[in-house]
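1. Provided below are the primary sequence and the corresponding predicted coordinates.
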Amino acid sequence: MGKLYVNPKKKLSTISPEIYGHFSEHLGRCIYEGLYVGENSSIPNTNGMRTDVVEALKKIKIPVLRWPGGCFADEYHWKDGIGPKESRKKMINTHWGGVVEDNSFGTHEFMELCRQLGCKVYINGNLGSGTVQEMSEWIEYLTFNGISPMADLRSKNGREEPWTVEYFGVGNENWGCGGCMTPEHYANEYRRYQTYVRNYNHDKPIYKIACGANVDDYNWTEQVMRIAGPFMNGISLHYYVHPLGWQEKGSATDFDDTIWYLTLNKALKMDELITRHSHIIDKYDPDKRVGLIVDEWGAWYTVEPGTNPGFLYQQNTIRDALVAGITLNIFNKHSDRVRMANLAQMVNVLQSVILTEGDKMILTPTYHVFDMYKEHQGATLLDSYIETSTIGVEEENMVPNLHESVSMKEDGTITITLNNLSNTESYPINSIFADTIISSVEGTILTGNMHDYNTFQNPNVVSPVSFTQFTANDNCIDFTIPPCSIIQLTITTK
Ligand code: AHR
């Protein structure tokens, strides 16, 4: 019997709600069609935003949304996306499919989307091909309350009041699509650009995020922290799970046992990456002032057959639910340093929580994981440990059979999220709570066969159901977790 030990008396770090953040880029059908259909669309919308999608996203409590990229950010010139829509510049989206970007979704529309979602704002500025002046004027346009050229322009465009911008990224992937820079060069550019990201609202200073490393480029983190550490609030990290590698990637729906375990093994690598990058950050920031911001993560497969390769549209199976479940558990456990994370990408792109087709919408298995994990947002991580055995097909791609994290909310309610990584075996679990008497338990389970996914014809193949097959006595809860499963338990104590 696998034992899960929870110590409710040992409270660790606060799980920042922003760890459950999302990312929306001008890429494929994420913004256009997925989130924004325009005011004149026959698809029900509020100020152009799809009502069905916004309502579904509100249910999972989106804490923060990153925009406009990604690689798109370092080619985006924000002034192209303001003013009367008919006179906005039409341009080529060179990164993503070479399609026409008509700029009908710009600053005002993004801020309206965040208003409807009730989430914080994370804007990624253009350092790669933009100027310091352009970045500084965007901040003025967004946040300055008073008389100034940009505040005047904003009010001419219909918005008198400034907005609040909580997070601002100074460039994206500047080691690659954001300008192919060396870390030393970027760090110096970062220092210059961030100087002009002014805090016009002293009560709500902008949290400035420096471009961080690609996967395991530890030298990038070292150099950027050394040169620019004192000038930032956060540094990013990007890591995608490509089962077969960057070139071939692998199918989202067609995979065998070996690739199942290989994918989960790669998802687990997030733990090592955070640990090693954090060690470097600790050297320059022992007080943990600087947050590690994993602002792009998720599974990235070969595009669905017959779709535009530049649109990165992929399906989402129960395997993705486990990639999400494992990764979010890892973020919870590193919440002393990880302050925000943004799944790539919200709708119709990589590991999306929602897929749309015309006026239809489906929720993916990953959506349901975010729903089941939402009680962790703002809760306190508890000390927990689970006994595991090692499973898999290939020696070098083994994984633990079980993976967990546990938190406590302010009212004392405990949330356990437990994953079974096996695609064949179920495991009996004996959870033991130190010095605690259990009062009530409620559960939810997401499970299925390893290839299961939701389609527009069958939208509920993978959906969560209530989980009641447990026994609770004194300080123990016993149950069996089926293969390919995620269980969430909500526990109150006496
Ligand atoms: O999410 C897709 C792309 O992946 C982003 O635009 C870029 O930042 C990363 O390489």
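-> In hand now; what should we look at? Residues are numbered from 1 along each chain as shown.
2. Please, which helix or strand holds I293?
-> strand 291-299 (DSSP states H and E).
3. does any part of that strand sit near the ligand?
-> Yes. Strand 291-299 lies within reach of the ligand by Cβ under 6 Å from any ligand atom, at E296. The way it works is simple: take the backbone N, C-alpha and C, and place the C-beta from them, glycine included.
4. avg pLDDT for that strand?
-> Averaging pLDDT along strand 291-299 gives 98.
5. Name the strands paired with it and say parallel or antiparallel.
-> strand 234-241 (parallel), strand 338-344 (parallel) (DSSP bridges).
6. for that strand, which positions count as buried?
-> Of all the residues in strand 291-299, those buried under the rule 16 or more other Cβ atoms under 10 Å are G291, L292, I293, V294, D295, E296, W297, G298, A299.
7. Look at whichever residue of the stretch 151-300 of the chain sits closest to the ligand and tell me its secondary structure.
-> Per Cβ to the nearest ligand atom, E173 is where the stretch 151-300 of the chain lies closest to the ligand, at 4.6 Å. Under DSSP: H, G, I helix; E, B strand; the rest coil, E173 falls in the coil class.
8. which bits of the stretch 251-400 of the chain sit near the ligand?
-> E296, A344, Q345, L350.
9. What is the nearest of those to the ligand?
-> Of all those, A344 has the smallest distance to the ligand: 4.2 Å, by Cβ to the nearest ligand atom.
10. now the residue in the chain that the ligand sits nearest to, nearest residue through space, not along the chain?
-> Closest residue of the chain to the ligand, Cβ to the nearest ligand atom: G70 (2.7 Å). In space, and not counting its chain neighbours, G70 is closest to E25: 3.8 Å by Cβ to Cβ, 6 or more residues apart in numbering.
11. R88 now?
-> Residue nearest to R88 in three dimensions, not counting chain neighbours: N103, with 4.0 Å by Cβ to Cβ, 6+ apart.
12. so how far is Y122 from that neighbour?
-> N103 sits 20 Å away from Y122 when distances are taken as Cβ to Cβ, to the nearest Å.
13. In terms of neighbours, single out the busier of those two.
-> Higher neighbour count among N103 and Y122: Y122, with 27 against 22, using other Cβ atoms under 10 Å.
14. looking just at contacts, which helices and strands does the lengthiest strand in the chain meet?
-> For the chain, the longest strand by residue count, based on DSSP state E, is strand 2-14. Packing contacts for strand 2-14, counted by 3 or more Cβ pairs under 8 Å, 6 or more residues apart in numbering; DSSP states H and E, involve strand 380-386, strand 402-408, strand 414-420, strand 427-433.
15. What segments of the stretch 351-494 of the chain are strands?
-> Secondary structure of the stretch 351-494 of the chain (DSSP state E, counting those that start in this stretch): strands located at 354-357, 360-363, 380-386, 390-391, 399-400, 402-408, 414-420, 427-433, 438-447, 465-467, 470-473, 476-481, 485-493.
16. Do you know the pLDDT at the residue of the chain closest to the ligand?
-> So, for G70, pLDDT stands at 97.
17. Would you check that it makes contact with G176?
-> No. G70 lies out of contact with G176 (Cβ atoms under 8 Å); the separation is 11.1 Å.
18. tell me, what's touching those two both at once?
-> Overlap of the contact sets of G70 and G176 (by Cβ atoms under 8 Å, 6 or more residues apart in numbering) is empty.
19. Neighbour count for these two, which is higher?
-> Neighbours per residue (other Cβ under 10 Å) separate G70 from G176, with G70 holding more: 29 against 15.
20. Please identify the residues of the stretch 101-250 of the chain in proximity to the ligand?
-> N172, E173.
21. Any stretches of the stretch 101-250 of the chain with poor pLDDT?
-> For the stretch 101-250 of the chain, no stretch has pLDDT under 70.
22. Helices along that one, start to end?
-> Ranges of helices in the stretch 101-250 of the chain, per DSSP state H, counting those that start in this stretch, are 107-117, 132-143, 149-156, 183-195, 218-228.
23. Across the sheet, point out what pairs with the closest residue to G176 other than its chain neighbours.
-> Among residues not flanking G176 along the chain, N214 sits closest, at 6.7 Å (Cβ to Cβ, 6+ apart). Counting by DSSP bridges, N214 forms beta bridges with H238.
24. Now do the contacts for N214.
-> When contacts are counted by Cβ under 8 Å, 6+ apart, N214 touches E173, W175, G176, W220, H238.
25. tell me the contacts of H451?
-> T253, D254, F255, T317, I318.
26. so who does the residue nearest to G70 touch?
-> Counting by Cβ under 8 Å, 6+ apart, E25 touches I31, W67, P68, G69, G70, C71, F72, A73, W96, A344, Q345, V349.
27. helix, strand or coil for the residue nearest to the fourth one when sequence neighbours are not counted?
-> This means G69. Using Cβ to Cβ, 6+ apart and skipping residues adjacent in sequence, the residue nearest G69 is E25, 4.6 Å away. Following three-state DSSP, E25 is assigned to coil.
28. if I look at E25, how far off is E75?
-> 11 Å.
29. Overlap of the contact sets of these two?
-> Shared contacts of E25 and E75 (Cβ under 8 Å, 6+ apart): G69.
30. surely D80 meets S87?
-> No. Distance between D80 and S87: 10.4 Å, which falls outside the contact criterion (Cβ under 8 Å).
31. More neighbours: these two, which one.
-> Set side by side, D80 and S87 show more neighbours around D80, with 15 against 7, by other Cβ under 10 Å.
32. mind listing what the residue of the chain closest to the ligand touches?
-> G70 makes contacts with F23, E25, H26, L27, H95, N124, N172, E173, E296, A344, Q345, as judged by Cβ under 8 Å, 6+ apart.
33. Is it possible to get a markdown table of the residues you listed that adds distance to Y190?
-> As requested, the contacts of G70 are exported to a markdown table (distance: Cβ to Cβ, whole Å):
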| residue | distance to Y190 |
| --- | --- |
| F23 | 20 |
| E25 | 21 |
| H26 | 23 |
| L27 | 24 |
| H95 | 22 |
| N124 | 13 |
| N172 | 12 |
| E173 | 13 |
| E296 | 18 |
| A344 | 22 |
| Q345 | 24 |
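34. Now do the buried residues in stretch 33-42.
-> E33, G34, L35, Y36, V37.
35. Now do K9 against C30, distance only.
-> According to Cβ to Cβ, K9 stands 44 Å off from C30.
36. more crowded one of these two?
-> Set K9 next to C30 and count neighbours by other Cβ under 10 Å: C30 wins out with 30 against 11.
37. so C114 touches Y122, yeah?
-> No. Checked against Cβ under 8 Å, the pair C114 and Y122 is beyond contact range at 9.1 Å.
38. ok so, going back, mind checking the backbone torsions on the residue nearest to G69?
-> phi -120, psi 160 (degrees, to the nearest 10).
39. any idea of the pLDDT on it?
-> In this model, E25 is scored at 98, pLDDT.
40. try the one 3 residues further on
-> On the pLDDT scale, G28 is placed at 97.
41. How about it: what's its closest non-neighbour residue?
-> In this structure, G28 finds its nearest non-sequential neighbour in F311, 3.1 Å apart by Cβ to Cβ, 6+ apart.
42. doesn't L350 make contact with the one you found?
-> No. Applying Cβ under 8 Å, one finds F311 not in contact with L350, separated by 10.6 Å.
43. Between those two, which has more neighbouring residues?
-> Higher neighbour count among F311 and L350: L350, with 28 against 18, using other Cβ under 10 Å.
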